[in-house]
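Engineer: this one's structure only:
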Ligand code: SF4
């Protein structure tokens, strides 16, 4: 099974909520921050949240990647 890594440049998030609306199983708003993050993600030294997901379970994360207005969500 191929594992894909979702990354999100947290600082650039404008808190629009699109990722949460499109993909609520994987994304949540951060209380008091007006930003979103991947649920269960870990922040790396570069200030990006990272979450590993089976390729077959990526699903709506691709929609979030495409729809993010500031294009800070990437799947590799
Ligand atoms: S879609 Fe992008 S800018 Fe909007 S809340 Fe999600 S990560 Fe932040």
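Structural biologist: It's in. Since we're looking at a predicted model, the values are computed, not measured.

Engineer: what are the ranges of the helices in the protein?
Structural biologist: 18-22, 61-67 (DSSP state H).

Engineer: Pipe those into a markdown table and attach distance to residue 29 per row.
Structural biologist: Bear in mind the C-beta positions are built from the backbone N, C-alpha and C, glycine included. As requested, the helices of the chain are exported to a markdown table (distance: least, Cβ to Cβ, whole Å):
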| stretch | distance to residue 29 |
| --- | --- |
| helix 18-22 | 6 |
| helix 61-67 | 13 |
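
Engineer: now the ones you listed in a markdown table, with mean pLDDT?
Structural biologist: Converted to a markdown table, the helices of the chain look like this (pLDDT from 0 to 100):
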| stretch | mean pLDDT |
| --- | --- |
| helix 18-22 | 98 |
| helix 61-67 | 98 |
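
Engineer: Any chance of these in TSV with mean neighbour count and distance to the ligand as columns?
Structural biologist: Below are the helices of the chain laid out as TSV (neighbours: other Cβ atoms under 10 Å; distance: least, Cβ to the nearest ligand atom, whole Å):
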stretch	mean neighbour count	distance to the ligand
helix 18-22	19	3
helix 61-67	18	6
